[in-house]
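Asks: My questions are about this predicted structure, shown below with the sequence.
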Amino acid sequence: MKSILSYTEPDLVAALKSGDKQAFTYLYDNYSAALFGVISRIIDDEDIAADVLQDSFIKIWKNIQLYDDSKGKLFTWLLNVCRNTAIDHVRSKASRMTSKIQSDDTAVYQIDKNLSSSISADTIGLKEVVSKLKEEHRQLISLAYYQGYTQQEISKELNVPLGTVKTRIRSALMQLREILKVNE
Amino acid sequence: MDPREFISSGIIESYLLGSATESEAREVIRMAGLYPEVRKEIDLVEKTLFEFAAKHKKTPPADVKQKILNVISAQGSGNGQVLPLYPEEIVGSRRREKLLSYLIAACIVLLIVSTFVNLMFYSKISRLQQQVSNFVSEKERLVFQVSNQQHQLELAQTQMNVAMNPRFTKVMLNGLEKSPKSLAAVYWNAETQEVYMHVYFLPNPMPDKQYQLWAIVDGKPVDAGMLELDPSSMMMHSMKPIGHPAAFAVTLEKMGGSPVPTMEDMYMLGKVSP
C-alpha cells in the first residue's frame, strides 16, 4: 500500500478508532479512488455509485471499531464494506424491479457486459491486466469480486463443481498476482 | 491439515472476498496462526486485491468528500471538534441497555413474586380477620352469658338467702274473687324491715296498669312498692321496707301506683301470723 504515507497502517487504524477526523480525511484521500473504482464496476450509474461510496464511508466511520487487524488488512476490510454496500444496493434494486428480473443466465451475461464496458472505459492498466486473464478466470473474478457471489452460488451458476470454483478463483488471483507483479 | 493443501483449496481467497462461512473464516485465522506460509499467502492475496483495485482507480465526484464529512459532523457532538469516542458511547449505552433490561426483568420477577406473596398474605390475613371477629363475637356472647348467669346467680342467691333466712317471716297471699288463682309469697324481716315478694301467679296486667303491694299497718294501708318486674318472671321482687304489718295486699293500679288502694281491684290478701 504505497501511498504518501504519513500514517502507518496501525497508526491510521488507531487514530480512526479514536474518532480522529483528520485520519478519516486522510483515509478518504488515499483510498476513495480505488474504492470508487471497485464500486463503479458494480454500479454503472456514476451518481448512484457516488451515493454508494458516501454510504460506504459513513459505514466505515461508524463501524471502524468492528475492524479487527488480526483478521486482515485495512484495505481488505474497506474493500468488503464497499463491495457489500454496492452489491446490497444492486440486489435490493433488482428485487424491487421484479418485472425486470432476469434469469440467472442473463445476469451472468450482464456481469460480462459490465466487465467489458469497464475494460473499454478508461484505464489502460486495467485493460491490459484483464485482457491478460483467461476467459474463464475473467468470468470468475467478475462474479466473485464484483457481484459478491459466494463460491456456492458461482458453482451453481456456472454448473461447475464447488472445488473447481475454489481452485479456479485461486488460480485467477494467482494469475493476477503475476500480472500485477505482486511480491512478498 | 497440510498448509499447502489448505492454501491451494482456495479458502483464503474465499475468506478475503468475504464469501467464506463463519467456520471457514475461523479455520483461516487458526491456520494463519499456526503456519507462516498461510500467513504469507493471505498477505499476498490481500496485496493482489489491493493492486487490482489500484489499477481500477477512479476519482469520485469532488463533492462526495464534503458530503461525507458533513454527515459525520452532523452526527458528532461539537463542530470541528474530535468526535467523542463514538463506539465507546455505543458500547456504554449497550451496556446500560443490557443492565436496564436485566433490571427490568428483575423488577418483573420481583413484582410477580411480591404479587403472589401479597395474595397469599391477603388471603391469610382475611382468614385471620374472620377468625378474630368470630372470636370477638364469641367472647361477647360468653361475656354476656357469664354476666347474665352471674345476675341470675345473684338473684338466686338473694332468693335463697331470703327464703332460707329464719329471720324472714313468710306470708302467703291468696287470690280473691277478682282472681282466685293468684298466689304469691311475701317475705318480711322484722329486724331489718326488708320486704320481698315472690309471685307464683298473677294475670298479666293491661299495658297502662301495674300491681301495687300494700301493707296494713295499724289498720291503715301503707304503700309497699310497685311490682316492677313482669309478674310471670318467677323472680323475687325487692319491695319497700315496712315495720310491723298486720297483713299484705295487692291491688291493680294505674302505672306508677296510687296513694290509696282501689279496694274493688284488690287481687290478693294475706295476713301476717302473729
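Replies: Structure's in. What do you need?

Asks: now the strands for chain B?
Replies: B:168-175, B:183-189, B:195-201, B:209-217, B:220-226, B:236-239, B:247-254, B:266-271 (DSSP state E).

Asks: And the helices in chain A, which stretches?
Replies: All helices of chain A, identified by DSSP state H, fall at A:9-17, A:21-42, A:46-63, A:74-96, A:104-121, A:124-132, A:135-141, A:151-158, A:162-180.

Asks: Now for residue B:236: which residues touch it?
Replies: Residue B:236 sits next to B:155, B:158-159, B:162, B:187, B:196-198 when contact means Cβ atoms under 8 Å, 6 or more residues apart in numbering or on different chains. (C-beta placed from N, C-alpha, C; glycine too.)

Asks: which residue does the stretch 151-274 of chain B bring closest to chain A?
Replies: Among all residues of the stretch 151-274 of chain B, residue B:151 sits closest to chain A, at 93.9 Å; criterion: Cβ to the nearest Cβ.

Asks: What are the neighbouring residues in contact with residue B:268?
Replies: Residue B:268 touches B:173-176, B:179, B:182-184, B:202, B:249-250, counting by Cβ under 8 Å, 6+ apart.

Asks: I meant to write residue A:12 there.
Replies: Shown in contact with residue A:12 (Cβ under 8 Å, 6+ apart): A:23, A:26-27, A:74.

Asks: how about low-confidence regions in chain A?
Replies: A:1-5, A:94-131, A:146-148, A:183-184 (pLDDT under 70).

Asks: and with 80 instead?
Replies: For chain A, the stretches with pLDDT under 80 are A:1-6, A:91-152, A:179-184.

Asks: now swap in chain B and tell me
Replies: B:1, B:18-20, B:56, B:74-97, B:155, B:228-235, B:274.

Asks: Report the contact partners of residue B:208.
Replies: Per Cβ under 8 Å, 6+ apart, neighbours of residue B:208: B:254-255.

Asks: Look up which residues are beta-bridged to residue B:238.
Replies: residue B:196 (DSSP bridges).

Asks: Count the neighbours of residue B:60 for me.
Replies: Neighbour count of residue B:60, defined by other Cβ atoms under 10 Å in any protein chain shown: 22.

Asks: Now do the phi/psi pair for it.
Replies: phi -70, psi 160 (degrees, to the nearest 10).

Asks: how much space between the residue nearest to residue A:59 when sequence neighbours are not counted and residue B:54?
Replies: Once flanking residues are discounted, residue A:59 sits nearest to residue A:81: 5.6 Å by Cβ to Cβ, 6 or more residues apart in numbering or on different chains. Counting by Cβ to Cβ, to the nearest Å, the separation of residue A:81 from residue B:54 is 17 Å.

Asks: returning to what we had before: ok, of the contacts of residue B:268, which one's closest to residue A:38?
Replies: Of all these, residue A:38 sits closest to residue B:202, with 128.8 Å by Cβ to Cβ.

Asks: For that closest one, give me its contacts.
Replies: Counting by Cβ under 8 Å, 6+ apart, residue B:202 makes contact with B:179, B:182, B:184, B:211, B:227, B:231-232, B:250, B:267-268.

Asks: what do you get for residue B:169?
Replies: Residues counted as contacts of residue B:169 (Cβ under 8 Å, 6+ apart) are B:187-190, B:272-273.

Asks: so which of these is the most crowded?
Replies: Most neighbours among the contacts of residue B:169, by other Cβ under 10 Å: residue B:188, with 26 neighbours.

Asks: Identify the bridge partners of that residue.
Replies: Note on residue B:188: beta-bridge partners by DSSP bridges are residue B:169, residue B:195.

Asks: ok, it touching residue B:194?
Replies: Yes. Counting by Cβ atoms under 8 Å, residue B:188 touches residue B:194, with 7.4 Å between them.

Asks: sorry, back to before: most tightly packed of the helices of chain A?
Replies: Per-stretch averages of neighbours, counted by mean count of other Cβ atoms under 10 Å in any protein chain shown, single out helix A:21-42 among those, with a mean of 21.

Asks: what about that one, near chain B?
Replies: Yes. Using Cβ under 8 Å from any Cβ of the partner chain, helix A:21-42 reaches chain B at A:21, A:24-25, A:28-29, A:32-38, A:40-41.

Asks: Can you give me the neighbour number for the nearest residue to residue A:58 once chain neighbours are set aside?
Replies: Nearest residue to residue A:58 in three dimensions, chain neighbours excluded: residue B:71, at 5.5 Å (Cβ to Cβ, 6+ apart). Per other Cβ under 10 Å, the neighbour tally for residue B:71 reads 15.

Asks: before we move on, the earlier item: which ones are touching the residue nearest to residue A:59?
Replies: Residue A:81 neighbours (Cβ under 8 Å, 6+ apart): A:56, A:59-60, A:63.

Asks: Just the buried residues of stretch B:53-65, please?
Replies: Across stretch B:53-65, burial judged by 16 or more other Cβ atoms under 10 Å in any protein chain shown covers B:53-58, B:60, B:64-65.

Asks: would you turn these into TSV with distance to chain A?
Replies: Formatted as TSV, the buried residues of stretch B:53-65 follow (distance: Cβ to the nearest Cβ, whole Å):
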residue	distance to chain A
B:53	4
B:54	5
B:55	4
B:56	3
B:57	4
B:58	4
B:60	4
B:64	5
B:65	6
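
Asks: Tell me which two of these sit farthest apart.
Replies: The widest separation within these (Cβ to Cβ) is 22.2 Å, between B:55 and B:65.

Asks: how far away is residue A:52 from chain B?
Replies: Going from residue A:52 to chain B by Cβ to the nearest Cβ, to the nearest Å gives 10 Å.

Asks: ugh, wrong one, I meant residue A:157
Replies: According to Cβ to the nearest Cβ, residue A:157 stands 13 Å off from chain B.

Asks: Is that residue in contact with residue A:143, as I believe?
Replies: Yes. If you go by Cβ under 8 Å, residue A:157 and residue A:143 touch, sitting 6.9 Å apart.

Asks: who's in contact with the nearest residue to residue A:141 once chain neighbours are set aside?
Replies: In this structure, residue A:141 finds its nearest non-sequential neighbour in residue A:172, 5.2 Å apart by Cβ to Cβ, 6+ apart. By Cβ under 8 Å, 6+ apart, residue A:172 lies in contact with A:133-134, A:137-138, A:140-141.

Asks: got it, and residue B:182?
Replies: Counting by Cβ under 8 Å, 6+ apart, residue B:182 makes contact with B:173-176, B:201-203, B:250, B:267-268.

Asks: quick one, phi psi at it?
Replies: For residue B:182, the backbone dihedrals (degrees, to the nearest 10) come out as phi -60, psi 140.

Asks: Understood, closing this out.
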